[in-house]
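*Asks:* Provided below are the primary sequence and the corresponding predicted coordinates.
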Amino acid sequence: MMGCLWVDMVRARRAWRKAAALALIVLAAGCGDADDGRTIAFSTWGSLDEIETLRPLLAQFERENPDVRVKLVHIPDEYPHKVRLMAAARRMPDVLFLENQTLPGFAARDVLRDLGPFLAQDTTIKPSDYFPQTMTALSWKGTLYAIPRDLSNLVIFYNRALFDAAHEPYPRAGWTYADMVAAAKRITRGDERFGIGFAPYPIYWLPYLWSDGVDLFDPGLTRCTLLDPPVLASLRRYHDLRWKHHVAPTEAQVGNARMSQLFAQGKLAMMVGGRWVVPGFRKKVTFAWDVAPFPRGKAGSVVDADASGWAIAKSCQQPEKAWRLIRFLAGKEACAAFSASGLIVPARLDVAKSAAFLGGGPPAASQVFLDVIPASRPTLTTPSYDEIVYELIDGLGPAWNDEAELEETLKPIVARIDALLKEDRKVVGAVP
Amino acid sequence: MSHPARRGEAKAAWLFTAPALLGILTLTGIPTLGSFALSFADWDLLGAPRFVGLANYADLLGDPLFYKVMAQTFLFAGLYVALDMTLALALALALDQKVRALALFRTAYFLPVVCSMVAGAILWAWIYDPRHGALNAVLAGLGLPTARWLADPHLALPALVVVSVWKNLGYDMLLFLAGLQAVPQALIESAEIDGASAWQRFRWIVLPLLGPSLLLVGVMATIRAFQTFDTVFLMTEGGPHRSTTLMGYWLFQNAFTYFKLGKASALAYVVFAVLVGLSALQWWARRRLTHLEDGA
């Protein structure tokens, strides 16, 4: 009953949030910034907890820089939409928090400043302070457009208590897909307890492809490769978790419940997830849990190395002040503050290797998030990526529910993605 | 030609309508022209729009999804208008009597109209929930097969039709009630004396006299159906398997999720053309109804 109520509440909240976000979009054009020569409008997304962390930092920045006022534009939902509408209304924020998957859309339209020269002249931060993957992720065609705050990647979260009860050794570096399935089989109990999570969103199944050395697109982003036999075989291994090995929950078994919720309820032994679930788990989860690297495929254990960071708009009238804000936020002190709640993997190497990230609560093996970085790379992205993701989530639904054959289901989706990629190449040109 | 007093009246009329007219011109007229211009441009909200001629229209016509969405929208509108008009008329007839607690019934049926669509969508999502929903609980209780409703590509669209009908039924019922109350009682009574049955009285007196109401409700319901957005946005996001992607929602997706403002604007003008065509058709049908009315 509790579960049912929870699902309902989540749905109700989601519906209200969506309606509110829509209202925000409509109102977006109305929000401007006072152009008094010292105010910097700074837009960001994030939960209230994140904003609570941010506000004192901004206050400190203003104390240290009395000639700058920061106007925080907090957009909790539908962030890229609102920022674009602000841009269309010529009210683009001066400093924007962006993530690498939406960055090309902005960069290709030439609305962001090249931050390379700023970074080259700065004495407080330097490129080698950050994981190189984050710098790559926040660049477009060789130009750096944002200074990274965090690196976002995926690992396996596992319930130690369930592994202990099944006398199963914990997942560890070097384990394989077969090891994972075998452990999941021994832990799964009918409709009560499941071995490994399953979600239709591409971010959760892409690591299975990458770890086999294949990807969603060809490197030039000219076509979708999902129907190529090796890629299809990889995708089928994800499908198998539900329908061949019966270790992943089906929609009929758990409805639309999120995997992180099933995990927190102790019903899921393992799930693929990112660092962002950690603050919630620290508060809610009562059993022992930890993290391990994603299982190895033919090409190793490869997950994403995506990143978020701060950019300066071309329209910004006071780029020097905007840069001072960015270098403050991207500095060691602020980065440690952002990392304290457990929400992010810091983009700064010094903070990542400090207690600010490695200590402070479970998971004990936080080092895993760092160990997997060298083999990881940013998600290949393109201006139509949102539309492609929608097609993949909605279109593959029947296949994930085993109501339609995977290959047949994929054919129209792949044709559609190919058409979108063609459009994108017309708009933003070839990928370097 | 015109009397000075009348000219003064015309001036006053223009003055009084000026605020509304100004609002319509600036808030509807200009954006309408703007979106027409945008339908010939490539624009993603960033930078300046780029003129592309008829490329957006060509893109639409070459997109298989366009035909799927179009067909679904017509299916949705057909189901919606038929169900909405039948139920609204039936309710209006039932409530056009001296029933006890009449005001209560009329209020009850009108309630969804004033209730927020978000709240309505949450309520219906609960009703349709495959695992914990009220509908499946009732069906199972009666020993009938249950379904996955919004998660089933074949049932999701009809399920949304029901929600849309529920939402606006009360309004259309009121329009019919107003129409019914304008039917002269004397005509009905004389038909009754002539021995006309209840069905004959309805078919040959009430229905023809309801012509204007039928036209009004029909046109409004059709426009509403083609503009449907909120139910889809809140309940299915166009899925599963694109089965509930209606024109209004796809337009929104193109404009504000995919940032293809040009394609979305072209789509808006295609919808506009469809609505103009359908309204013309309804006017033509109305002339036939009037003809019937004269013959009666």
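*Replies:* Good, I have the coordinates.
*Asks:* Low-confidence regions, the stretch 301-432 of chain A specifically.
*Replies:* A:431-432 (pLDDT under 70).
*Asks:* What helix or strand is B:L157 located in?
*Replies:* Assessed by DSSP states H and E, B:L157 sits inside helix B:156-181.
*Asks:* what about that helix and chain A, any contact?
*Replies:* No: if you take C-beta under 8 Å from any C-beta of the partner chain as the test, helix B:156-181 misses chain A, and the best it gets is 11.1 Å. Just so you know, the C-beta spots here come from the backbone N, C-alpha and C atoms, and that holds for glycine as well.
*Asks:* Give me the buried stretch members for the helix or strand just after that helix, please.
*Replies:* Later in the chain than helix B:156-181, the nearest helix or strand by DSSP H and E is helix B:185-193. By 16 or more other C-beta atoms under 10 Å in any protein chain shown, the buried positions in helix B:185-193 come out as B:188, B:191.
*Asks:* Give me the contact list for the helix or strand just after helix B:185-193.
*Replies:* Downstream of helix B:185-193, the next assigned helix or strand under DSSP H and E is helix B:198-201. Contacts with helix B:198-201, where a contact means C-beta atoms under 8 Å, 6 or more residues apart in numbering or on different chains, come from B:188, B:191-192.
*Asks:* again with stretch B:260-275
*Replies:* B:35-36, B:38-45, B:49, B:52, B:55-57, B:59-60, B:66, B:222-223, B:226, B:247-248, B:250-252, B:254-255.
*Asks:* coming back round to it: quick one: list the elements packing against the helix holding B:L157.
*Replies:* If you count contacts as 3 or more C-beta pairs under 8 Å, 6 or more residues apart in numbering or on different chains; DSSP states H and E, helix B:156-181 packs onto helix B:64-95, helix B:102-114, helix B:117-128, helix B:211-227, helix B:230-235.
*Asks:* Quick one: list the elements packing against the fourth one.
*Replies:* In this structure, helix B:211-227 packs against helix B:64-95, helix B:156-181, helix B:247-252, helix B:261-295, with contacts taken as 3+ C-beta pairs under 8 Å, 6+ apart.
*Asks:* which residues does the closest residue to B:G248 other than its chain neighbours contact?
*Replies:* Closest residue to B:G248 apart from its sequence neighbours, by C-beta to C-beta, 6 or more residues apart in numbering or on different chains: B:F229 at 3.9 Å. Taking C-beta under 8 Å, 6+ apart, we find B:F229 in contact with B:246, B:248-249, B:252.
*Asks:* So which of the residues you listed is the closest to chain A?
*Replies:* Nearest to chain A among those, counting by C-beta to the nearest C-beta, is B:F252 at 8.9 Å.
*Asks:* Next, count neighbours for A:G142.
*Replies:* For A:G142, the tally of surrounding residues (other C-beta atoms under 10 Å in any protein chain shown) stands at 9.
*Asks:* Can you report phi and psi for it?
*Replies:* The phi/psi pair for A:G142 (degrees, to the nearest 10) reads phi 80, psi 0.
*Asks:* Quick check: phi and psi at the residue nearest in space to the middle of chain A.
*Replies:* Nearest to the mean C-alpha position of chain A, counting by C-alpha atoms, centre = their mean, stands A:S152 at 5.5 Å. When read as degrees, to the nearest 10, the backbone of A:S152 gives phi -120, psi 120.
*Asks:* now, which of the contacts of B:F229 sits nearest A:L103?
*Replies:* Distances from A:L103 to the contacts of B:F229, taken as C-beta to C-beta, are shortest for B:F252 (23.8 Å).
*Asks:* Reformat the contacts of helix B:198-201 as CSV; add distance to chain A and pLDDT.
*Replies:* Listed next are the contacts of helix B:198-201 as CSV, based on distance: C-beta to the nearest C-beta, whole Å; pLDDT from 0 to 100:
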residue, distance to chain A, pLDDT
B:I188, 46, 85
B:A191, 50, 87
B:E192, 51, 86
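*Asks:* With distance to B:L275 added, can I get the residues you listed in JSON lines?
*Replies:* Listed next are those as JSON lines, based on distance: C-beta to C-beta, whole Å:
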{"residue": "B:I188", "distance to B:L275": "36"}
{"residue": "B:A191", "distance to B:L275": "38"}
{"residue": "B:E192", "distance to B:L275": "41"}
